[in-house]
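1. sharing a sequence plus its predicted fold:
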Amino acid sequence: MIVVLKPEITRREEAAVLREIRKLGYRPHIMRGVERTVIGAIGDERKNQTLETLAAWPQVERVMPVQKRYKLVSREAHKANSVINVRGNFVGGRKIQVMAGPCSVESEKQLLATARAVKAVGATILRGGAFKPRTSPYAFQGLGEAGLRILAEVRDEVQLPVVTEVTDAADVAMVAEYADMLQIGTRNMQNFGLLQAVGATGKPVMLKRGLTATYEEWLMAAEYIAQRGNLDIVLCERGVRSFEPSIRNMLDVSAVPLVQHLSHLPLIVDPSHAAGRRDLVVPLARAGMAAGADGVMVDVHPNPETALCDGAQALVGDSLDELAEAVTTIPALLGRTSATHLAG
Ligand code: PEP
Ligand code: MN
């Protein structure tokens, strides 16, 4: 930590700060400039009490961390890329993972048709929401446990692992019984109790970026999961709130290389929830993969006109074929492969 003192303070006030730094378990190194004094406090922030309390002292101007505030998920802690095993599908390896399925599970017929269609175009993981975090309490909220049962049946039938969202810490154990990967949605990225609960299950977790979360906030949220002993975390960039009304959210393509630089965790993009409209989904999926994403997550529905949630962005027919082509051609440019590439 770096502690910057105010310019006008006396030696006696400075000594009080030094005493406090030692008391909190750090070794202070004092640097006296012409105008002001800066103290470098050496010590492990994970073991000692935080020095951030000094920011409230009248003689202190600023307290700045030197190390990253997230530890377990940082690239500093672990240089190699992490590869997360989701029932034999490795997210973060050479192969791009395609997670596809309906926004919400509506019926066994709907999910089965979708699962078959997405598997045929190279999807490796089936998505589908049983608990839907809807902006309106009057909108379809998902089938709950009945939806989870459908997911598990279709998984067995089609042989695709499933990822599904959990929105409440009280449901984590139940959702974990059915799911192969637990999804934390955008609106819950900073629901710390929920993060700790999914961390304790030991199941792979997909952590979506909050609507207005900085990279640091997102990685600090991942740190909550990791701190519970679960490092099987996949990050998902799904667009951030912007000022442009013609798209739902703005896919932050910079997040892909930048967050991969900051963290060893694999990172995928969800162009569907970013765009909110079908015509943009495949172009944004291409952009994400070209930037180095380890996979894509897309909404697919056999009859988008009747979808109970997010039909406007669901891929179907030709747009699904275009996705299949994108997940073959774009990763190949970067020396990566996809399931369709391997199959074809
Ligand atoms: C979803 O993937 O179903 C979803 C609700 O996404 P997000 O949390 O990114 O809005
Ligand atoms: Mn949705």
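-> Alright, I've got the coordinates. Numbering: from 1, shown residues only. Ligands and ions are numbered 1, 2, ... in the order given.

2. name the single longest helix found in this protein.
-> Assignment by DSSP state H gives helix 318-333 as the longest helix of the chain.

3. which helices and strands sit right next to that helix?
-> Applying 3 or more Cβ pairs under 8 Å, 6 or more residues apart in numbering; DSSP states H and E, one finds that helix 318-333 contacts strand 95-101, helix 278-290, strand 295-299, strand 337-338, helix 339-343. (Each C-beta comes from the backbone N, C-alpha and C, glycine too.)

4. any low-confidence regions in the stretch 201-344 of the chain?
-> Applying pLDDT under 70 to the stretch 201-344 of the chain flags residues 341-344.

5. give me the spatial nearest neighbour of Leu251, chain neighbours excluded.
-> Closest residue to Leu251 apart from its sequence neighbours, by Cβ to Cβ, 6 or more residues apart in numbering: Ala274 at 3.8 Å.

6. could you do Val63 as well?
-> Val63 sits nearest to Ala55 (Cβ to Cβ, 6+ apart), 4.5 Å away.

7. please work out how many residues are found near the one you found.
-> Per other Cβ atoms under 10 Å, the neighbour tally for Ala55 reads 14.

8. ok, now His301?
-> By other Cβ under 10 Å, 26 other residues sit near His301.

9. and the helix or strand hosting Ala41, what does it pack against?
-> Assessed by DSSP states H and E, Ala41 sits inside strand 37-42. Here strand 37-42 touches strand 2-5, helix 11-23, strand 27-32, going by 3+ Cβ pairs under 8 Å, 6+ apart.

10. let's have those in JSON lines, adding distance to Ala287, mean pLDDT and mean neighbour count.
-> Output for the helices and strands packed on strand 37-42, formatted as JSON lines (distance: least, Cβ to Cβ, whole Å; pLDDT from 0 to 100; neighbours: other Cβ atoms under 10 Å):
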{"stretch": "strand 2-5", "distance to Ala287": "38", "mean pLDDT": "94", "mean neighbour count": "19"}
{"stretch": "helix 11-23", "distance to Ala287": "47", "mean pLDDT": "94", "mean neighbour count": "14"}
{"stretch": "strand 27-32", "distance to Ala287": "45", "mean pLDDT": "92", "mean neighbour count": "12"}
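
11. picking that back up, quick one, which of the helices and strands packed on helix 318-333 is nearest to ligand 2?
-> strand 295-299 (6.1 Å; Cβ to the ion).

12. is that closest one in proximity to ligand 2?
-> No. Strand 295-299 does not reach ligand 2 (Cβ under 5 Å from the ion); its nearest approach is 6.1 Å.

13. can I take it that the residue nearest to Val63 is in a strand?
-> No. Secondary structure assignment (DSSP: H, G, I helix; E, B strand; the rest coil) places Ala55 in helix, not in a strand.

14. that one and Glu20 touch, don't they?
-> No. Using Cβ atoms under 8 Å, Ala55 makes no contact with Glu20, being 12.0 Å away.

15. quick one: closest of the helices and strands packed on strand 37-42 to Asp180.
-> Checking the helices and strands packed on strand 37-42 against Asp180 by Cβ to Cβ gives strand 2-5 as the closest, at 43.9 Å.

16. spell out which parts of the protein neighbour ligand 2.
-> Contacts of the chain with ligand 2, taken as Cβ under 5 Å from the ion, map to 103, 310.
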